[in-house]
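1. Sequence and predicted model, in that order:
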Amino acid sequence: MSNKEKTTLRKIRFKKTESIFLIIRGLEVGIASGLVCVLYRYALQYAESGLMSVLDFVQGSPSKIALWLLLLALLGVMVAYINKFEPDAAGSGIPQVSGEIRGYFSLNWWRVIIAKFIGGTTSVFAGLSLGREGPSVQLGGMAAKGVARITKSDKTSELRMVSCGAGAGMAAAFNAPIAGTMFVLEELHHSFDKALLTMGIVSSITADYISKIFFGQSTIFKYDAAPLALRHYWILTIMGAGLGVSGVCYNVIMVKAQSLYKKIKLPTPVKLAGVFIISGIIGLYMPQILCGGHSMASLLITERPELKMLIILLVSKFLFGAFSFASGAPGGTLYPLCVLGAYIGAIFGNLATNTIGLKDGLFEEFVILGMAGLFASIVRAPLTGIILVFELTGDMNSLLPLATVCLISYAIANLIGTAPFYSILFEKAVENTDSPSLDSSNSEKVLQTFTIPIGSPINEKKIADIDWGKHCIIVSVERNETPITPKGDTVLKEGDTLVMLISQRRFSQDLKRINEIIKL
């Protein structure tokens with residue numbers, strides 16, 4: 001028996017006794033991902049505060065402004081070469097992590113960390129409307145991959161660690177450990193896996209603990225909001241529908257902006273230099289809309305701008321965000337889109353309080369509802385949106401209105417029919433990538449878990465009647481927590497959990513085909 005076959009058999013036997021292993025791995029992932037993301041968060045804080053100091057320094061001096069714009073042009077060229085050095089570090093990084101998990105990419109973990117760290121910090125220092133949260137997802141995933149490679153983990157463990165590292169990165173960026181775990185299950189895997197849940201919770205909580213050591217235990221948003229009376233919940237229906245339509249428009253326009261940017265027939269360094277110069281000019285006149293939007297969120301809660309100013313800030317932030325995202329500079333869209341949702345909610349709250357006569361204290365409630373609703377419609381992850389905003393605010397009383405707005409927004413976006421934002425980006429990344437897939441020369445198989453959903457076409461079918469492919473083996477069927485030895489005449493039922501071994505040689509293709517068979 002070969003070493004690879006022994007490894008595969010050992011993996012099968014280990015399946016039932018892996019809980020402690022998953023917890024230990026979760027701790028390793030949480031520590032590595034948390035430390036990397038905390039360092040990145042510090043770097044961006046210093047970059048943003050440095051940017052504001054520079055803008056104050058150059059304001060009113062044509063010579064200083066000219067030197068500042070020249071420096072920005074040089075920084076744009078530098079970021080272009082960073083992207084060339086490591087193309088997988090461009091953009092938010094979430095599609096690349098998704099591709100890694102599904103077997104389409106095999107990212108160079110240390111190159112991505114270095115390129116993302118330097119490129120993302122530089123882009124924020126230049127003022128581009130990009131956040132830390134998407135990059136933190138990728139940085140967390142790559143830190144976890146580094147741990148897996150250094151400890152010589154098998155491929156099954158490595159892919160789980162990358163997934164949980166991504167969730168830990170989100171937890172460290174938002175101080176939202178439960179949302180980080182849910183993001184892994186709902187957005188990256190689109191399924192429930194007990195092993196992922198165990199490792200994911202441990203890694204996200206650990207990363208969040210490390211983040212709070214450095215940044216404190218306070219929630220990101222602090223506010224006192226009056227509860228919305230149940231008789232006024234019809235307003236949330238209208239708000240959810242509006243946010244659903246807004247999310248669809250966001251997805252279409254952001255992708256269109258990418259396409260238009262690519263059509264500009266100029267060398268990439270020249271284009272990015274131009275992007276950085278434009279960002280510098282915008283910063284001189286409207287610094288509120290620069291970077292991820294933390295200053296905009298603070299402005300919204302503390303100063304409550306008038307309706308006209310809310311609309312101006314919303315439109316300006318959206319257009320500048322689309323412009324920044326289209327450039328491909330390293331940086332995320334998660335927090336900027338949350339800020340856009342907050343401003344849509346603020347506009348809605350302003351109209352509701354002035355026309356219907358709702359309590360003035362409800363303004364902040366509409367702000368956070370807008371944030372969660374737009375997230376749900378853009379990303380199509382309503383549970384993550386509900387939990388994320390709950391953890392950002394710490395307000396238990398907002399769970400019911402959050403759920404109402406998010407589910408309506410999610411349903412309207414699905415009804416219109418456009419794809420989720422990160423799914424679109426993933427498909428584009430798969431089409432355009434030159435990155436290698438999983439090691440096709442490796443005969444070791446990857447352990448994957450699939451739960452048969454309600455309405456699956458394989459419900460009540462025998463295993464032998466389904467074409468699983470010659471590279472896939474079902475090693476266990478778990479029904480009501482009880483493992484069943486799979487045989488050809490074993491009848492599958494809704495809710496069954498299939499534990500399968502998939503060859504690395506055709507991992508991405510077989511994983512996609514099995515998901516289509518099961519209809520996940």
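-> That came in fine, so what should we check first?
2. Let me see the ranges of the strands in the stretch 351-500 of the chain.
-> Assigned by DSSP state E, counting those that start in this stretch, the stretch 351-500 of the chain shows strands spanning 445-451, 472-479, 482-484, 497-503.
3. end to end, how far does stretch 461-470 reach?
-> Terminal residues of stretch 461-470 are spaced 19 Å apart (C-alpha to C-alpha, to the nearest Å).
4. How about G180, nearest residue that isn't a chain neighbour?
-> A171 (3.3 Å; C-beta to C-beta, 6 or more residues apart in numbering). Glycine gets a C-beta too; all of them are placed from N, C-alpha and C.
5. what do you get for Y422?
-> Using C-beta to C-beta, 6+ apart, the closest residue to Y422 is I94 (5.3 Å).
6. Is it correct that that neighbour is in contact with G134?
-> Yes - I94 is within contact range of G134, at 5.3 Å (criterion: C-beta atoms under 8 Å).
7. so where is the protein shaky, pLDDT-wise?
-> Within the chain, the segments meeting pLDDT under 70 span 1-18, 220-225, 432-443, 520.
8. Going by neighbour count, which residues of stretch 306-319 are buried?
-> Using 16 or more other C-beta atoms under 10 Å as the test for burial, stretch 306-319 gives 310-311, 313-314, 316-318.
9. The residue nearest to G180 contacts D208, correct?
-> Yes - here A171 reaches D208: they are 4.5 Å apart, a contact under C-beta under 8 Å.
10. who's more crowded, the two?
-> Taking neighbours as other C-beta atoms under 10 Å, A171 and D208 compare with A171 leading, 35 against 26.
11. Contact partners for that one?
-> 34, 177, 179-181, 203-205, 207-208, 211 (C-beta atoms under 8 Å, 6 or more residues apart in numbering).
12. From the residues you listed, which land in helices?
-> 34, 177, 179-181, 203-205, 207-208, 211 (DSSP state H).
13. re earlier: next one: the residue nearest to Y422 from L67, what distance?
-> I94 is 36 Å from L67, where distance means C-beta to C-beta, to the nearest Å.
14. Identify the residue nearest I65 in space, chain neighbours excluded?
-> V58 (5.0 Å).
15. part of a helix, is G244?
-> Yes - under DSSP: H, G, I helix; E, B strand; the rest coil, G244 falls within a helix.
16. Neighbours of the residue nearest to it when sequence neighbours are not counted, how many?
-> Counting by C-beta to C-beta, 6+ apart, G244 lies nearest to I412, which is 2.8 Å off, once chain neighbours are set aside. Neighbours of I412 under the rule other C-beta under 10 Å: 21.
17. mind listing what I412 touches?
-> Contacts of I412 by C-beta under 8 Å, 6+ apart are 240-241, 243-245, 248, 377.
18. I'd guessed S409 sits against V379; true?
-> No - with contact defined as C-beta under 8 Å, S409 does not reach V379; the gap is 10.7 Å.
19. ok, those two, which is more surrounded?
-> More crowded of S409 and V379, by other C-beta under 10 Å: S409, with 34 against 26.
20. what's the more buried one in contact with, if anything?
-> 240-241, 243-244, 247, 373-374, 376-377, 382.
21. Try it again at 7 Å.
-> By C-beta atoms under 7 Å, 6 or more residues apart in numbering, S409 lies in contact with 240, 243-244, 247, 373, 376-377.
22. Relative to F323, which of those is nearest.
-> G247 (19.2 Å; C-beta to C-beta).
23. Run through the residues that contact the closest one.
-> 374, 377-378, 409, 413.
24. quick one: which of the residues you listed has the most company?
-> The most crowded member of the contacts of G247 is S377, carrying 37 neighbours; neighbours defined as other C-beta under 10 Å.
25. Test my guess that it contacts A241.
-> No - using C-beta atoms under 7 Å, S377 is not in contact with A241, being 9.9 Å away.
26. residues near K487, how many?
-> By other C-beta under 10 Å, 11 other residues sit near K487.
27. Quick check: phi and psi at it.
-> Here the main-chain torsion angles of K487 (degrees, to the nearest 10) amount to phi -130, psi 170.
28. how far away is the closest residue in space to it that isn't next to it in sequence from P486?
-> Of all residues not flanking K487 in the chain, I463 sits nearest, at 7.0 Å (C-beta to C-beta, 6+ apart). Distance, I463 to P486, by C-beta to C-beta: 6 Å.
29. so what's in contact with these two at the same time?
-> With C-beta under 7 Å, 6+ apart as the test, I463 and P486 both reach I474.
30. Relative to D193, how far out is the residue nearest to G180?
-> Distance, A171 to D193, by C-beta to C-beta: 18 Å.
31. Also F125?
-> Where D193 is concerned, F125 sits at a distance of 39 Å (C-beta to C-beta).
32. what about these two, which has more around it?
-> Between F125 and D193, counted using other C-beta under 10 Å, the more crowded position is F125 (22 against 19).
33. Compare I94 and L67 and say which is more crowded by neighbours.
-> I94 (29 against 12).
34. Using PDB, write out the CA atom coordinates for the host helix or strand of V79.
-> Using DSSP states H and E, V79 sits within helix 62-85. Provided in PDB are the C-alpha atoms of helix 62-85 (Å, rounded to 0.1, in the frame of the first residue of the first chain):
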ATOM      1  CA  PRO A  62      -0.600  75.000  -4.900                       C
ATOM      2  CA  SER A  63       3.100  73.900  -4.700                       C
ATOM      3  CA  LYS A  64       2.400  71.400  -1.800                       C
ATOM      4  CA  ILE A  65      -0.700  70.100  -3.600                       C
ATOM      5  CA  ALA A  66       1.300  69.600  -6.800                       C
ATOM      6  CA  LEU A  67       4.000  67.600  -4.900                       C
ATOM      7  CA  TRP A  68       1.300  65.600  -3.100                       C
ATOM      8  CA  LEU A  69      -0.400  64.700  -6.500                       C
ATOM      9  CA  LEU A  70       3.000  63.700  -7.900                       C
ATOM     10  CA  LEU A  71       3.600  61.400  -4.900                       C
ATOM     11  CA  LEU A  72       0.200  59.900  -5.400                       C
ATOM     12  CA  ALA A  73       1.000  59.200  -9.000                       C
ATOM     13  CA  LEU A  74       4.200  57.400  -8.000                       C
ATOM     14  CA  LEU A  75       2.300  55.400  -5.400                       C
ATOM     15  CA  GLY A  76      -0.200  54.400  -8.100                       C
ATOM     16  CA  VAL A  77       2.600  53.100 -10.300                       C
ATOM     17  CA  MET A  78       4.000  51.200  -7.300                       C
ATOM     18  CA  VAL A  79       0.600  49.500  -6.600                       C
ATOM     19  CA  ALA A  80       0.400  48.500 -10.300                       C
ATOM     20  CA  TYR A  81       3.700  46.700 -10.000                       C
ATOM     21  CA  ILE A  82       2.600  45.100  -6.700                       C
ATOM     22  CA  ASN A  83      -0.500  43.800  -8.500                       C
ATOM     23  CA  LYS A  84       1.800  42.500 -11.300                       C
ATOM     24  CA  PHE A  85       4.100  40.900  -8.700                       C
END
